[in-house]
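Novice: fold the following for me, if possible:
(chains A and B)
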Amino acid sequence: MSVNTTAVAPRPIPLTILGNNPASRTYRIGEEDHSLGNCLRNILVSGMEEEVDFAGYSVPHPSEAILQMRVQLAKGAKCETADDALMESCDALKSMCDHVMGTVKGRHEHEVKIE
Amino acid sequence: MSGMYEVRESGITYSPSIQNQATANKEEFIKKFKTNFTYSVLSHPNPNELVFSLQNVDVSFANALRRIMISEVPTVAIEIVYIDNNTSITHDEVLSHRLGLIPLDIDPDEFEEYDSRVTGDEGTNDFNTAVFKLDVTCGSRPATRSDLDSRVLEVPPDLEAVGKDDNVALAKDIAHKHQGRGKSTLPNRPHTRHVYARDLVWCPEGGQGTRLKRKPKVVHGDILLTKLRANQRITLTCHARKSTGKDHAKYSPVATASYRMKPVVGLRERVFDEDADRLAVLEPGVFKIVPCTGVAGKNREAKVHNEYACTMSRNFMRDPVLKEAVIISRDPRHFIFSVETVGMMTAVEVLIKSLQVLKGKGEKLKEEIQAVKLGREMGESMDEE
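Specialist: Numbering: from 1, shown residues only, chains lettered A, B, ... in the order given. A predicted model of the protein is given here:
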């Protein structure tokens, strides 16, 4: 008997990019939630002020694992498109995580066995 | 500084900082983060408990870590139970559910996630499934002294391994009490068999015997699963699989993972003598009474001693003197995390894994955007042709 009866896993939701203007777009991201949405939103809004005019996210319905992210470029932004800005925010998140991970590993050098 | 949340008599007010906190671009943002970020350990009594603080990070980052630690760090737990025989009082489904909740000491990195899109058992292999067997019978003869000794008086080795003196002492104490009181109060009375988590036997499949560096076992051997009466029997096989807390709470590696913003306590004006004594009672541990010098007629005064002890109780605000003198607030960029794991991973491991998961989310999104862009460009070039 199954302890946790799970139906056949739903198909992965592919990323869709909505909007015709390359400088302001909405991204429909599957299988993501507030964890990623709010982090990227924060980096875009308060970390890349000269690049981005507006960034916001929403999870339209809790029963659907979908995250919607809106990015609008600022005038005079170095990024060519909203795609670039969002990708830069992903890079920034990666650097943040790497830095924190390095600090934590350094502090717990003797007890961490994770590579 | 980045603004403060001040706790008032009614509600909380946020005063944003006057300075603009934002950075112009990604490079500046990362540079600023790296300069300001601080990690410090506040309490780490054993490998499973960790209280630490993150300074100069945004709430979104702290909350993402908390969410991921609870629901997105993968672990291995019993998912499928094949019951061959169960004549115990516990129903199959109840027993299965209990088995599912047992924390297993298995390194999740050594396993792959089971793809449920592969229907039935066809997808089961030694890389995604660990097999445990349980075969217990309660004999019809009365239990002998040696049965009892091996079951009850032994301190489970995993308890020793944890190194928590309290637990070992407690177990020894219980064992001692049972020994003294005679057979009737022993947990394993004649004709009654207690089924513990440690009765689960791991059966290596395929190359698991040599591949797995950590031999799969239960974390806590002394979890009581059910009790058997004379001649009752349970025979079953369990399949343990890897998944995350999002799927089912049994996969969550943490018992609690929470954070709070660091309390900031200040004195607007000096508090003396009786007022200081009252304050020390109303906010225990936060203030220290020190001898007062330089003010005529005052012997002692209150000084802020330990802000971490502040419970944000507003009791002192009922006192007209203290109300004016003391200010309590929270720093919104300083988080005190408290992580307690169930035992399949250490708290530090959970923290590091959560960071890896968050990083992976960003990387995955970037790849997806690049793939869509590439697809779009290819579409355009096709149109031109």
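
Novice: hey, let's count contacts and neighbours off CA atoms from now on
Specialist: OK.

Novice: list the contacts of B:Asp126.
Specialist: By C-alpha atoms under 8 Å, 6 or more residues apart in numbering or on different chains, the contact list for B:Asp126 reads B:205-208.

Novice: ok, 6 Å please
Specialist: B:205-206 (C-alpha atoms under 6 Å, 6 or more residues apart in numbering or on different chains).

Novice: A:Val71 against A:Ala55, yeah?
Specialist: Yes. With contact defined as C-alpha atoms under 6 Å, A:Val71 reaches A:Ala55; the gap is 4.5 Å.

Novice: higher neighbour count, the two?
Specialist: The neighbour count for A:Val71 versus A:Ala55, taken as other C-alpha atoms under 10 Å in any protein chain shown, is higher for A:Val71 (24 against 21).

Novice: which helix or strand contains the spatially most central residue of chain A?
Specialist: For chain A, the residue nearest the mean C-alpha position is A:Leu36 (4.2 Å; C-alpha atoms, centre = their mean). In this assignment (DSSP states H and E), A:Leu36 forms part of helix A:34-42.

Novice: what residues does that helix touch?
Specialist: Taking C-alpha under 6 Å, 6+ apart as the rule, helix A:34-42 contacts A:55-57, A:89, B:60-61, B:64.

Novice: distance of B:Gly266 from B:Ala276?
Specialist: In this view, B:Gly266 and B:Ala276 are 14 Å apart by C-alpha to C-alpha, to the nearest Å.

Novice: and the two? Which one has more around it.
Specialist: B:Ala276 (21 against 14).

Novice: and that one, what are its phi and psi?
Specialist: Note on B:Ala276: its backbone torsions stand at phi -60, psi -40 [degrees, to the nearest 10].

Novice: show me which residues of the stretch 251-385 of chain B are close to chain A?
Specialist: Residues of the stretch 251-385 of chain B lying close to chain A by C-alpha under 6 Å from any C-alpha of the partner chain are B:355, B:359, B:362, B:366.

Novice: so can I have JSON lines of those residues showing secondary structure, neighbour count and pLDDT?
Specialist: Converted to JSON lines, those look like this (DSSP: H, G, I helix; E, B strand; the rest coil; neighbours: other C-alpha atoms under 10 Å in any protein chain shown; pLDDT from 0 to 100):
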{"residue": "B:Leu355", "secondary structure": "helix", "neighbour count": "25", "pLDDT": "97"}
{"residue": "B:Lys359", "secondary structure": "helix", "neighbour count": "21", "pLDDT": "97"}
{"residue": "B:Gly362", "secondary structure": "helix", "neighbour count": "24", "pLDDT": "96"}
{"residue": "B:Lys366", "secondary structure": "helix", "neighbour count": "19", "pLDDT": "97"}
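
Novice: just confirm A:Cys97 is within a helix.
Specialist: Yes. Counting by DSSP: H, G, I helix; E, B strand; the rest coil, A:Cys97 is part of a helix.

Novice: residues in contact with it?
Specialist: B:355, B:359.

Novice: get me the contact residues on the stretch 51-200 of chain B for chain A.
Specialist: B:60-61, B:64, B:79-82, B:96-97, B:116-117.

Novice: let's see 8 Å
Specialist: B:58, B:60-61, B:63-65, B:67-68, B:78-83, B:92-93, B:96-97, B:100, B:115-117, B:119 (C-alpha under 8 Å from any C-alpha of the partner chain).

Novice: what helix or strand is the nearest residue to B:Lys242 once chain neighbours are set aside on?
Specialist: Distances taken as C-alpha to C-alpha, 6 or more residues apart in numbering or on different chains place B:Val76 nearest to B:Lys242, at 4.2 Å, with adjacent residues excluded. Assigned by DSSP H and E, B:Val76 belongs to strand B:75-86.

Novice: for that strand, list the C-alpha coordinates in PDB.
Specialist: Extracted in PDB, the C-alpha atoms of strand B:75-86 (Å, rounded to 0.1, in the frame of the first residue of the first chain):
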ATOM      1  CA  THR B  75      15.500  13.600   1.700                       C
ATOM      2  CA  VAL B  76      14.700   9.900   1.600                       C
ATOM      3  CA  ALA B  77      11.600   8.400   3.300                       C
ATOM      4  CA  ILE B  78       9.400   5.300   3.000                       C
ATOM      5  CA  GLU B  79       6.900   5.800   0.200                       C
ATOM      6  CA  ILE B  80       5.500   2.400  -0.700                       C
ATOM      7  CA  VAL B  81       4.700  -0.400   1.700                       C
ATOM      8  CA  TYR B  82       3.900  -3.900   0.500                       C
ATOM      9  CA  ILE B  83       2.100  -5.700   3.300                       C
ATOM     10  CA  ASP B  84       2.400  -9.500   3.100                       C
ATOM     11  CA  ASN B  85       0.900 -10.200   6.500                       C
ATOM     12  CA  ASN B  86      -0.500  -8.000   9.200                       C
END
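
Novice: the stretch 151-300 of chain B: strands as residue ranges?
Specialist: In order along the chain, the stretch 151-300 of chain B carries the following strands (DSSP state E, counting those that start in this stretch): B:192-196, B:201-203, B:217-218, B:224-229, B:233-243, B:254-267, B:287-291, B:300-304.

Novice: returning to that earlier point: in helices, which of the residues of the stretch 51-200 of chain B next to chain A fall?
Specialist: The helices, defined by DSSP state H, take in B:60-61, B:63-65, B:67-68, B:92-93, B:96-97, B:100 from these.

Novice: so which of those comes closest to chain A?
Specialist: Nearest to chain A out of those is B:Ala64 (C-alpha to the nearest C-alpha; 4.2 Å).

Novice: quick revisit: mind giving me the packing neighbours of the strand holding B:Val76?
Specialist: Judged by 3 or more C-alpha pairs under 8 Å, 6 or more residues apart in numbering or on different chains; DSSP states H and E, strand B:75-86 is in contact with helix B:92-100, strand B:233-243.

Novice: dig out what B:Lys227 forms beta bridges with.
Specialist: Assessed by DSSP bridges, B:Lys227 has beta-bridge partners B:His194.

Novice: name all residues that make contact with it.
Specialist: So B:Lys227 contacts B:88-89, B:192-195 (C-alpha under 8 Å, 6+ apart).

Novice: among the residues you listed, which ones are buried?
Specialist: Among those, those buried by neighbour count (16 or more other C-alpha atoms under 10 Å in any protein chain shown) are B:88, B:192-195.

Novice: pLDDT below threshold where in chain A?
Specialist: Along chain A, segments meeting pLDDT under 70 span A:1-9, A:113-115.

Novice: give me that answer again for 90
Specialist: A:1-13, A:109-115 (pLDDT under 90).

Novice: need the CA coordinates for stretch A:77-88. PDB is fine.
Specialist: Below are the C-alpha coordinates for stretch A:77-88, written out as PDB (Å, rounded to 0.1, in the frame of the first residue of the first chain):
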ATOM      1  CA  ALA A  77      19.500  50.900 -19.100                       C
ATOM      2  CA  LYS A  78      22.600  49.100 -20.100                       C
ATOM      3  CA  CYS A  79      20.600  45.900 -20.600                       C
ATOM      4  CA  GLU A  80      19.200  45.600 -24.100                       C
ATOM      5  CA  THR A  81      16.100  43.700 -23.200                       C
ATOM      6  CA  ALA A  82      14.100  42.700 -20.100                       C
ATOM      7  CA  ASP A  83      15.400  39.200 -20.600                       C
ATOM      8  CA  ASP A  84      18.900  40.400 -20.000                       C
ATOM      9  CA  ALA A  85      17.900  42.200 -16.800                       C
ATOM     10  CA  LEU A  86      16.200  39.100 -15.500                       C
ATOM     11  CA  MET A  87      19.100  36.900 -16.400                       C
ATOM     12  CA  GLU A  88      21.400  39.400 -14.600                       C
END
